[in-house]
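> Fold the following for me, if possible:
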Amino acid sequence: MRFQTRFAWPLAASVALVSVPALAQDGSSDAMESTSSYDRDSHFNGIYVQGFGGFGVNGANGNTFEFDTDRNGSYNEQVTTVGGANAFSPGFCNGAKGPSRTAGCAPDKAGAEYGARIGFDARSSNIVFGGLIEGSRNDSIDRSTAFSTTPAFYKIARSVDYAVSARGRVGFTPGGGALFYGTGGISYAKIDHDFSTSNGANSFNEVNDGDMVWGWQAGGGTEVMLTDKLSLGVEYLYSRYKDDKYNIAVGPGTAPATNPFLLNGGGTNMRIQDKYFDTHAVRAVVGLRF
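The predicted structure is shown next:
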């Protein structure tokens, strides 16, 4: 329900934007037709630049950790104590509210989403085809926390520092005043990670933090021409990135040989189990056409 509420305003805004050209046609169509500075037949054709801003939220990413206790590249093992018990039996959650699992979990963090793009449209009758190149940033944060029986907590947070994307789009324009479109393509993003723990005995080394990763995007929106050059729109975009390079290499530090991380050969690698980082973004878009 909270997710639906967040997305209610852009839907309402879209309806309002679409009504602008309709009202203009009903109330002052003669004036519009007689004004050479507003030519609907030329809309959504040619080069444009756009800026956008809105908010982003994370998808249903899992918050469970997975472990490679013998460091052979296979993350399907359990960290156990000397007695054979699961060292992470207290469980996992998103953002931790305290040092233990019993303190509860905080939700992932929504954040601003913004950027700019350049694109080109080709219009044939009421159908529009085009492509664009875009740079963006999404400040939403995906949080995962693991709790051990030590007791100790281990937190990993990740976010999109920036992304460069190339997408195509196809749409329909009824009369040239508004465009309804779908869009999709590839994206190349820098994923930032942040690790923290209350474990002061072992050593921890972050591996492949900040690497660029590939992903894809899909969405849709509405764009309305306010003049021959200026447009305003609302857009939704889903992004998915394969974030499987980052991990934490846990070493001995000052911990004894009986430490659960060290029992299978002197160290353990751990990472977020969900290797895909998903984001949702809703944007207000303003554009200038040439």
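> Please, where are all the strands along the stretch 51-200 of the chain?
Secondary structure of the stretch 51-200 of the chain, counting by DSSP state E, counting those that start in this stretch: strands at 65-68, 91-93, 95-96, 105-106, 111-124, 127-148, 152-172, 178-197.
> mind checking which of these is nearest Met270?
Smallest distance to Met270 across those (C-beta to C-beta): 4.9 Å, for strand 65-68. Yep, even glycine has a C-beta here, placed from its N, CA and C like the rest.
> Give me the helices and strands touching that closest one, please.
strand 268-272 (3 or more C-beta pairs under 8 Å, 6 or more residues apart in numbering; DSSP states H and E).
> Restrict stretch 161-175 to CA atoms and write it as CSV.
Written as CSV, here are the backbone C-alpha positions of stretch 161-175 (Å, rounded to 0.1, in the frame of the first residue of the first chain):
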residue,chain,number,x,y,z
ASP,A,161,26.5,6.2,-7.7
TYR,A,162,25.8,7.0,-11.4
ALA,A,163,24.6,5.2,-14.5
VAL,A,164,25.0,5.8,-18.2
SER,A,165,22.1,4.3,-20.3
ALA,A,166,21.1,3.9,-23.9
ARG,A,167,17.4,3.3,-24.6
GLY,A,168,15.0,3.2,-27.5
ARG,A,169,11.4,4.4,-27.2
VAL,A,170,8.3,4.0,-29.3
GLY,A,171,5.1,5.9,-28.7
PHE,A,172,1.7,7.2,-29.9
THR,A,173,0.7,10.8,-30.3
PRO,A,174,-3.0,11.5,-30.8
GLY,A,175,-3.0,14.8,-32.7
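> hmm, who's touching that stretch?
Outside of stretch 161-175, the residues within contact range by C-beta atoms under 8 Å, 6 or more residues apart in numbering are 21, 25, 40, 43-44, 119, 123, 126-138, 179-192, 210, 215, 217, 239.
> what comes up buried for that stretch?
163, 165, 167, 169, 171, 173 (16 or more other C-beta atoms under 10 Å).
> Show me what the residue nearest to Ser187 when sequence neighbours are not counted is bridged to.
Spatially, and ignoring its direct neighbours in sequence, Ser187 is nearest to Ser165 (4.0 Å; C-beta to C-beta, 6 or more residues apart in numbering). When bridges are called by DSSP bridges, Ser165 pairs up with Glu134, Ser187.
> how far away is Ser165 from Arg137?
Distance from Ser165 to Arg137, counting by C-beta to C-beta, to the nearest Å: 12 Å.
> picking up where we left off before, and the buried residues of stretch 161-175, which two are the farthest apart?
Spatially, the most separated pair among those is Ala163 and Thr173, at 28.0 Å (C-beta to C-beta).
> Report the contact partners of the nearest residue to Arg167 once chain neighbours are set aside.
Nearest non-adjacent residue to Arg167, counting by C-beta to C-beta, 6+ apart: Gly185, 3.2 Å away. Listed by C-beta under 8 Å, 6+ apart, the contact partners of Gly185 are 165-168, 216-217.
> Put together TSV for those, with pLDDT on each row.
Below are the contacts of Gly185 laid out as TSV (pLDDT from 0 to 100):
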residue	pLDDT
Ser165	98
Ala166	98
Arg167	98
Gly168	98
Trp216	98
Gln217	98
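> export the residues you listed to a markdown table and tack on distance to Val224?
Below are those laid out as a markdown table (distance: C-beta to C-beta, whole Å):
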| residue | distance to Val224 |
| --- | --- |
| Ser165 | 23 |
| Ala166 | 25 |
| Arg167 | 20 |
| Gly168 | 21 |
| Trp216 | 27 |
| Gln217 | 22 |
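> which two from these end up farthest apart in space?
Gly168 and Trp216, at 11.9 Å, using C-beta to C-beta across these.
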